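Participant: Just need the structure, nothing else, for what follows:
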Amino acid sequence: MTVSAQAPQPHHPSASARSSESVPPQGGSPESASPRTNPGYIEASPDRPHLTELRLSAFATHRGTGFPLGPLTLLTGPSGCGKTSALRAYEALARLGAGGEVGEVFPDPVSCVPERARPDAQRRRGFRIGCTADGPEGPVRLDVAVQAEPELRIVGERLTSGGLVLLETALRDPARRSVQAAWHTAGSSPVTRAPLPDDRLGTALLPLRVAGKTDGQRQVLAAAEQMVVALRSVFACDPAPERMRAAVPIGDGRLLRDCGNLADVLWRTRAECGRRHGQLVTAVRTGCAGPVLDLLAEPSSDGTLRAVLDRGDGLRTGFERLGDGELRYAALALVLLTGPGVLEVDPPGEVPAAMQTLTVLADGLDRAVDVRQRAELLRLAARMCERGHIRLVGAVSDASWATRIDGVTVVHLDP
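Facilitator: Residues are numbered from 1 along each chain as shown. Coordinates of the predicted model:
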């Protein structure tokens, strides 16, 4: 697997073989992989923790892969190059950072093991992923090793900042359901050692284990918090048009990842925020055929809701009549124009909203949409990402069209 990251300007005809931005292999410094060297990179607020790099040391089709993440990043390449698996690894890190149990995060862990990975003498196989989060503490790196066979468990973890190891865990006794952890103390003893469970990310557990009495402990807590906040607010989205065409019951108004309950969300958001709804209508008007005066949820006699376009003169078109491209476009526009309070995500409630950044993971961002729709979606995404409260990582089959839009980091994945 080879990777190159490309700035939007200038455009190279053979972009997959060239790179206007250096991407180091596993073990390179996080600063050298930062997308800030990209002329099209839009600087996020330094107070908002955010990921600047994803590392797939050994995961599915990836080996020794690392690439930068800007506010708006497109992963591109032919089928089978690992775009979907990269998004899956990102989402897995996010769920682990939110305190998720490893068995829930990886329901099919063997599929994450590189295909030709050979078991060791104890018949163990696994995978390794990691990331870098920037923020008030500067670049903080997290690397995680997961054993998939014969038992699923987290067998190693390392949290580092400025070359200093702040947390390190390792499996010492396979018979115990724990790992030995050591975290930086810089007090009367340089490190503190204690067991941690092998089914959860140690970084997410540190606030419950570290007292914060020494400068070293406070450094550990600050770095762990930055990483967790950067990971927590993630919404993985892949709209399913066949689900969006059906009427849905009134629910809690939080959008699901397949956007099948979009009518229920419209029922809520149209009344809650007229300005955002007006922006959504404008976006849908640009991307859907025919006149669009409004976008709304229409209640039925059986208590369900159906999404419709108001065409004017009393004519309304139900979503069941729209094409797949129109439905995916409308759903993705809604995602970009809303926030954690509407999307089915678990943001860190203890962190002020001004310090949070929502990251949208969009697989098949260009699937089923036409040339005009995908360009409008990317322009909308660039405008929203520029404000700093939202970031987007999308997978597309071809990104040559995206180089005309400022602020896009294009990462080419070659099989």
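Participant: what about the closest residue to Q122 other than its chain neighbours, helix or strand, and which?
Facilitator: Nearest residue to Q122 in three dimensions, chain neighbours excluded: P174, at 7.2 Å (CB to CB, 6 or more residues apart in numbering). Quick note: C-beta positions are derived from backbone N, CA and C, even for glycine. Secondary structure assignment for P174, by DSSP states H and E: no helix or strand.
Participant: And for P174, the neighbour number?
Facilitator: Here the count is done by other CB atoms under 10 Å, and P174 has 14 residues near it.
Participant: One more: the one 5 residues further on?
Facilitator: Neighbour count of V179, defined by other CB under 10 Å: 22.
Participant: got it, and the one 3 residues further on?
Facilitator: A182 is surrounded by 16 other residues when neighbours are defined as other CB under 10 Å.
Participant: cool, and V165?
Facilitator: Counted with other CB under 10 Å, residues neighbouring V165 total 14.
Participant: where does it land in three-state SS?
Facilitator: Here V165 is recorded as strand under DSSP: H, G, I helix; E, B strand; the rest coil.
Participant: what's near enough to touch the closest residue to it other than its chain neighbours?
Facilitator: The spatial neighbour of V165 that comes closest, neighbours along the chain excluded (CB to CB, 6+ apart), is R158 at 6.3 Å. Contact analysis of R158 by CB atoms under 8 Å, 6 or more residues apart in numbering lists R141, L142, D143, V165, L167, E168, T169.
Participant: quick one: which of those is most hemmed in?
Facilitator: Highest neighbour count within these, by other CB under 10 Å: L142, with 29 neighbours.
Participant: Does that one touch L159 like I think?
Facilitator: Yes - counting by CB atoms under 8 Å, L142 does reach L159; the two are 5.5 Å apart.
Participant: Need the residues touching each of those two.
Facilitator: T203, M227.
Participant: thinking again about what came up before, with secondary structure and distance to P119 as added columns, please give the contacts of R158 in TSV.
Facilitator: Formatted as TSV, the contacts of R158 follow (DSSP: H, G, I helix; E, B strand; the rest coil; distance: CB to CB, whole Å):
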residue	secondary structure	distance to P119
R141	strand	28
L142	strand	26
D143	strand	21
V165	strand	28
L167	strand	28
E168	strand	24
T169	strand	22
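Participant: Out of these, flag the one nearest to P207.
Facilitator: Nearest to P207 out of the contacts of R158 is L167 (CB to CB; 12.0 Å).
Participant: Just give the closest residue to that closest one, not the sequence neighbours.
Facilitator: Leaving aside its chain neighbours, L167 sits nearest to L159 (4.1 Å; criterion: CB to CB, 6+ apart).
Participant: for V191, same thing?
Facilitator: A182 (4.6 Å).
Participant: which stretches of this structure aren't confidently modelled?
Facilitator: 1-46, 339-356 (pLDDT under 70).
Participant: Let me know the outermost residue of it.
Facilitator: Farthest-out residue of the chain from its mean C-alpha position, per CA atoms, centre = their mean: D313, at 41.9 Å.
Participant: can you pull out the helices in the protein?
Facilitator: Ranges of helices in the chain, per DSSP state H, are 83-97, 102-105, 202-209, 215-232, 241-244, 262-272, 274-287, 324-337, 371-386.
Participant: which one of these is the most hemmed in?
Facilitator: Highest mean neighbour count among the helices of the chain (mean count of other CB atoms under 10 Å): helix 324-337, with a mean of 24.
Participant: What are the contacting residues of it?
Facilitator: Residues outside helix 324-337 that contact it (CB under 8 Å, 6+ apart) are 235, 237, 239, 241, 244-245, 255, 259, 262, 265-266, 269, 276, 279-280, 283-284, 287-289, 295, 319, 322, 343, 360, 362, 365, 367-370, 373, 376-377, 380-381, 384, 390, 392.
Participant: Now with 6 Å, please.
Facilitator: 237, 239, 241, 244, 259, 262, 276, 279-280, 283-284, 287-288, 360, 368-370, 373, 377, 380-381, 384 (CB atoms under 6 Å, 6 or more residues apart in numbering).
Participant: got it, and stretch 370-381?
Facilitator: Residues outside stretch 370-381 that contact it (CB under 6 Å, 6+ apart) are L72, A283, T286, G287, G325, Y329, L332, L336, D366, L392, A402, I405.
Participant: ok, those residues vs L51, which is closest?
Facilitator: Closest approach to L51 among these (CB to CB): L392, at 12.1 Å.
Participant: and that closest one, how many neighbours does it have?
Facilitator: Neighbours of L392 using other CB under 10 Å come to 28.
Participant: ok, now which ones touch the residue most central in space within the chain?
Facilitator: The residue lying closest to the centre of the chain (CA atoms, centre = their mean) is L361, at 4.4 Å. For L361, the contacting residues are L87, Y90, E91, A236, V393, by CB under 6 Å, 6+ apart.
Participant: For the first one, which non-adjacent residue is closest in space?
Facilitator: Same thing as L87. In this structure, L87 finds its nearest non-sequential neighbour in L361, 4.9 Å apart by CB to CB, 6+ apart.
Participant: can you tell me how far T359 sits from N261?
Facilitator: From T359 across to N261, the span is 21 Å (CB to CB, to the nearest Å).
Participant: and if you look at T52?
Facilitator: From T52 across to N261, the span is 33 Å (CB to CB).
Participant: what's the answer for V155, then?
Facilitator: Distance from V155 to N261, counting by CB to CB: 38 Å.
Participant: Looking at the two, which one has more neighbours?
Facilitator: Neighbours were counted for V155 and for N261 using other CB under 10 Å; N261 has more, 24 against 19.
Participant: so that one touches A246, yeah?
Facilitator: No - checked against CB atoms under 6 Å, the pair N261 and A246 is beyond contact range at 9.7 Å.
Participant: R245 versus L305, what's the distance?
Facilitator: Note on L305: its distance to R245, by CB to CB, is 13 Å.
Participant: Who has more neighbours out of those two?
Facilitator: L305 (22 against 19).
Participant: give me every residue that touches the residue lying closest to D252 once chain neighbours are set aside.
Facilitator: Excluding its sequence neighbours, the residue lying closest to D252 (CB to CB, 6+ apart) is D264, at 8.0 Å. D264 makes contact with V248, G251, G253, L305, according to CB under 6 Å, 6+ apart.
Participant: Give me the neighbour count for the second one.
Facilitator: So the one you mean is G251. Neighbours around G251, by other CB under 10 Å: 14.
Participant: That one and L327: what is the separation?
Facilitator: Counting by CB to CB, the gap from G251 to L327 is 19 Å.
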